[in-house]
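# here is a sequence together with a model predicted from it:
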Amino acid sequence: MSDIRHLIDISTLTVEEIDALIKTALDIIENPAKYSEKCRGKKLATLFYEPSTRTRLSFESAMLELGGSVIGFSEAQSSSASKGESVADTAKVISCFADIIAMRHPLEGAPMVAALNASIPVINAGDGGHNHPTQTLTDLLTIYREKGRLGHMTVGCCGDLKFGRTVHSLIAAMSRYEGVDFVLISPEELRVPENVRNDILKANNIPYRETESLLEAMPDLDILYMTRVQRERFISEADYVRLKDTYIMTPDKLMDAKETLSILHPLPRVNEISVAVDKDPRACYFRQVLNGKYIRMALILMLLGVK
Ligand code: NCD
């Protein structure tokens with residue numbers, strides 16, 4: 001890879017860079033007009049080999065609000081992947097048309113392969129059950145806006161911690177802030193993968209505990225990060241059906257929660273948060289969606305080197 005800057009894994013951003021992205025996003029929120037021409041003449045290509053609503057459309061809105069334009073595809077079937085083209089070749093081709101790529105792919109590592117072959121920045125918009133760094137930037141901006149800080153808090157992650165890529169990236173990022181500890185709430189079969197436990201949590205002496213009980217964990221939490229059971233990553237549909245409703249958050253389950261709790265969810269939600277929770281002021285997940293557009297605007301500016 002040359003000196004082109006990509007975002008494949010959240011760990012390749014320093015804490016200072018993350019903080020700078022948050023600062024830019026906050027400035028965009030305050031002064032949108034200042035940014036409306038920053039990417040005039042630039043093109044974003046969204047290469048989505050997997051379904052998406054928020055991530056793709058927030059990337060596209062982000063580029064449009066920076067004055068740039070957007071090309072791309074939203075399913076593998078409509079691209080040359082269906083004819084057998086490799087990700088490496090597609091990345092070379094798109095480098096002829098666009099200035100920056102956002103790629104989502106069901107195979108872990110595919111955006112990395114694209115980055116190794118592209119001559120423009122590549123952003124990982126989710127690769128299989130692996131990572132989702134721009135969702136994490138969204139989550140960090142949300143936590144910062146809700147709490148006024150990113151350290152000194154107990155973060156509960158609940159649901160499918162095995163296949164949920166957003167959780168893997170969130171743990172990697174939040175582990176780097178002072179005074180953060182984790183409560184990992186999942187059924188035994190959906191615990192965080194070994195590499196997250198060993199290479200991130202244990203390797204950095206981050207306090208964490210694992211439990212199957214959301215109710216038991218609730219009183220301790222400052223952040224509750226709910227996730228959907230990732231049906232598309234299960235080999236057995238019967239296992240999915242058995243596990244899918246393990247956690248269903250309803251207003252009564254918040255009885256022992258802190259008044260200052262913030263409930264996040266990367267969305268889409270299936271059953272794991274009842275709609276009755278939406279009107280609780282602690283439910284942040286729709287505010288979180290909007291933050292995704294602002295932080296992606298900041299990221300596009302950074303990777304394109306626009307001042
Ligand atoms: C997440 C994803 O794609 O990993 N969605 C998103 O980008 N907001 C979470 C999910 O699909 O469950």
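All right, it came through fine.

# tell me which helix or strand the residue nearest in space to the middle of the chain sits in.
For the chain, the residue sitting closest to the mean C-alpha position, by CA atoms, centre = their mean, is residue 135 at 1.7 Å. Residue 135 belongs to helix 133-147 when assigned by DSSP states H and E.

# model confidence over the helix or strand just after that helix, on average?
For helix 133-147, the following helix or strand on the C-terminal side (DSSP H and E) is strand 153-158. In this model, strand 153-158 carries a mean pLDDT of 98.

# cool, stretch 227-239 as well?
Average pLDDT, stretch 227-239: 96.

# between its first and last residues, how far does that stretch reach?
By CA to CA, to the nearest Å, the extent of stretch 227-239 from end to end equals 17 Å.

# so does that stretch get close to the ligand?
Yes. Using CB under 6 Å from any ligand atom, stretch 227-239 comes into contact with the ligand via residue 228. Quick note: C-beta positions are derived from backbone N, CA and C, even for glycine.

# now that stretch: buried residues?
227-230, 234 (16 or more other CB atoms under 10 Å).

# what's the closest of those residues to residue 89?
Set against residue 89, the nearest of the buried residues of stretch 227-239 by CB to CB is residue 230 (28.7 Å).

# next one: that closest one from residue 295, what distance?
Residue 230 sits 23 Å away from residue 295, going by CB to CB, to the nearest Å.

# same question for residue 41.
23 Å.

# quick one: which of those two has more around it?
The neighbour count for residue 41 versus residue 295, taken as other CB atoms under 10 Å, is higher for residue 295 (27 against 9).

# which residues does that one contact?
Residues counted as contacts of residue 295 (CB atoms under 8 Å, 6 or more residues apart in numbering) are 21-22, 25, 134, 137-138, 140-141.

# distance check, the residue located most distally from the centre of the chain against residue 60.
Distance from the C-alpha centroid of the chain, by CA atoms, centre = their mean, peaks at residue 83 (29.8 Å). Distance of residue 83 to residue 60, given as CB to CB: 25 Å.

# contact partners for the nearest residue to residue 49 once chain neighbours are set aside?
Spatial nearest neighbour of residue 49, chain neighbours left out: residue 76 (4.2 Å); criterion: CB to CB, 6 or more residues apart in numbering. The contact partners of residue 76, by CB under 8 Å, 6+ apart, come to 49-50, 82.
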